[in-house]
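Q: take a look and give me a structure for this.
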Amino acid sequence: MKYFCMPADFKKETIDAYDRLNETYESKGSRIVETYGNVTIGDNFGSGRVLKQLPEVDFLGMKEYVEHSSEKGIDFSYTFNIPYWQNREFTKEGAFKLKEFLRHLYEVGVRDLTVSMPSFLDIVKWSGYDFKVKASAICHITTPNKALAYKKMGVERIVADESVHRDFQTLKNIVKVFGENVEIIVNTMCHRNCIYRQFHYNETGGDSFGLCNEVGVNFFEHKCLLQRYDTISGLLKLGWVRPEDLHYYSDIGINYFKLQGRQHVGKGGHIKALEAYLKESYDGNLMDLLDMFNPRYSFQVFIDNKKLDGFLEPYYKIENFCKSNCTQCNYCDTYARKAIDYKKTSEVVAYAKAFYNEHDQFKKLIDSLGPDEESHVDIGKEDMAIDFDFTEG
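A: Model prediction:
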């Protein structure tokens with residue numbers, strides 16, 4: 001059985017739609033078992049997403065959503081997965097606030113948590129509430145030893161890091177030590193082994209409190225896209241998994257498949273994307289599917305999904321097929337020429353690079369300092385000790 005986890009839009013009608021899909025696809029070996037998300041009104045702990053991009057919901061709305069989901073046999077996992085909390089959990093006041101927040105979650109019916117920080121995990125385990133815990137993708141579980149460490153900490157499920165999605169030997173070994181509850185994100189747009197990844201999580205974690213800084217959002221989102229468009233074949237080097245290729249993962253014991261896109265669900269398209277994965281087939285633009293048919297960027301390219309049939313097979317069959325050294329391999333480039341119109345895409349990529357380099361807000365900020373920073377910015381000693389109160393808002 002393949003189990004699917006979806007971002008919550010906190011709409012009962014969406015749960016009803018999932019219930020209908022379960023009636024159709026469960027007999028075919030697939031079922032939607034979980035949605036995930038967090039409150040955005042009255043939340044002091046953030047998550048791994050920018051606040052303004054998430055569906056707006058308070059505790060009452062979440063309580064009604066969780067109850068309705070439970071009636072339909074669909075679980076809800078609360079994303080307790082901020083990557084950094086200013087070390088406040090290591091204070092008596094902070095630990096108390098965390099425990100009280102967990103009590104509140106439990107009272108409104110939450111029984112599952114997605115956790116990133118080990119310190120938060122310890123507080124969850126010590127709280128006395130019988131939450132089931134999933135280790136977030138932000139934990140960067142890339143090896144069997146990491147998976148085993150989380151298992152020893154009492155985690156019931158783990159999300160493997162996207163960087164190992166095509167390393168089937170590593171995935172097999174992770175499943176061997178952890179068991180059947182290993183999950184992967186199938187529609188990830190992240191470049192595998194991205195140098196910005198953890199720092200981007202830190203930025204979005206801060207922004208999840210509502211402390212949005214457009215310069216920071218702009219910096220990482222644009223760096224992400226420019227890295228993706230560094231070469232045209234780079235679009236095949238992301239961590240995505242096509243619907244047609246799910247069987248490779250189920251064959252090695254991975255049963256849980258997560259679609260990410262909490263920033264997309266308010267616009268629709270997530271059910272259409274989900275159904276493509278339930279059918280294990282999609283005829284169209286792979287990029288539309290990965291974006292849940294809600295592209296965040298103006299510069300879009302077309303990747304013929306069906307022309308990627310067979311692309312993943314050598315990764316599955318040949319151990320250490322990808323050595324993460326693109327200077328000595330042209331495999332992705334060969335397939336890219338089959339599935340992508342190079343001439344059209346080259347034009348789009350050129351426009352994208354020109355636009356994002358021109359609208360680099362961080363560069364403009366640095367340039368605004370001028371050759372002599374002190375002549376533009378007066379910084380006194382008292383200004384050097386900045387206290388960002390992440391518990392507010």
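Q: please count neighbours and contacts with C-alpha atoms only from this point.
A: OK.
Q: end to end, how far does stretch 352-367 reach?
A: Terminal residues of stretch 352-367 lie 22 Å apart, using Cα to Cα, to the nearest Å.
Q: that stretch - what's its average pLDDT?
A: The average pLDDT for stretch 352-367 rounds to 80.
Q: tell me which residues are up against it.
A: 215-216, 218-219, 222, 226, 229, 299 (Cα atoms under 8 Å, 6 or more residues apart in numbering).
Q: how about stretch 61-76?
A: 10-12, 15-16, 19, 32-37, 39, 108-112.
Q: so where's the protein uncertain?
A: Within the chain, the ranges that satisfy pLDDT under 70 run 43-53, 204-213, 217, 263-264, 266, 370-393.
Q: show me where it has its strands.
A: 2-7, 30-37, 75-80, 112-115, 132-135, 157-159, 182-185, 256-258 (DSSP state E).
Q: gap between the residue nearest to the spatial centre of the chain and N202?
A: What sits nearest the mean C-alpha location of the chain, by Cα atoms, centre = their mean, is Q260, with 5.2 Å. Here Q260 is placed at a distance of 18 Å from N202 (Cα to Cα).
Q: convert the C-alpha atoms of stretch 271-281 to CSV, please.
A: Taking C-alpha atoms only, stretch 271-281 is exported to CSV below (Å, rounded to 0.1, in the frame of the first residue of the first chain):
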residue,chain,number,x,y,z
ILE,A,271,-5.9,17.7,-5.6
LYS,A,272,-5.1,17.5,-9.3
ALA,A,273,-1.4,17.0,-8.5
LEU,A,274,-2.3,14.3,-5.9
GLU,A,275,-4.5,12.4,-8.4
ALA,A,276,-1.6,12.2,-10.8
TYR,A,277,0.5,10.5,-8.1
LEU,A,278,-2.5,8.2,-7.2
LYS,A,279,-2.8,7.2,-10.9
GLU,A,280,1.0,6.9,-11.1
SER,A,281,0.9,8.6,-14.5
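Q: okay, buried residues for that stretch please.
A: 271, 273-278, 281 (16 or more other Cα atoms under 10 Å).
Q: would you format those as CSV with distance to P83 included?
A: As requested, these are exported to CSV (distance: Cα to Cα, whole Å):
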residue, distance to P83
I271, 28
A273, 28
L274, 27
E275, 31
A276, 31
Y277, 29
L278, 31
S281, 35
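Q: and these, which is closest to G239?
A: G239 has its nearest neighbour among these in Y277, at 15.8 Å by Cα to Cα.
Q: please name the nearest non-neighbouring residue to the closest one.
A: P243 (4.7 Å; Cα to Cα, 6 or more residues apart in numbering).
Q: which ones are touching that neighbour?
A: Counting by Cα under 8 Å, 6+ apart, P243 has contacts 276-282.
Q: then V241?
A: V241 neighbours (Cα under 8 Å, 6+ apart): 165, 185-188.
Q: repeat that for 10 Å
A: When contacts are counted by Cα atoms under 10 Å, 6 or more residues apart in numbering, V241 touches 162, 165-166, 184-188, 248-249, 257, 277, 290, 312.
Q: what's the ChimeraX syntax to select whichever of those residues are buried?
A: Here is the ChimeraX command that picks out the buried ones among the contacts of V241, judged by 16+ other Cα under 10 Å:
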select :162,165,166,184,185,186,187,188,248,249,257,277,290
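Q: where's the closest residue to F10 other than its chain neighbours relative to R197, distance?
A: With Cα to Cα, 6+ apart as the criterion, F10 has its nearest non-adjacent residue at 5.8 Å, and that residue is Y65. Separation of Y65 from R197 (Cα to Cα) stands at 32 Å.
Q: and those two? Which one has more around it.
A: The neighbour count for Y65 versus R197, taken as other Cα atoms under 10 Å, is higher for Y65 (22 against 16).
Q: how much space between the residue lying closest to T142 once chain neighbours are set aside and N330?
A: For T142, ignoring the flanking residues on the chain, the nearest one in space by Cα to Cα, 6+ apart is D161 at 5.7 Å. Separation of D161 from N330 (Cα to Cα) stands at 24 Å.
Q: these two: who's more crowded?
A: For D161 versus N330, the count of surrounding residues by other Cα under 10 Å is larger for D161: 22 against 12.
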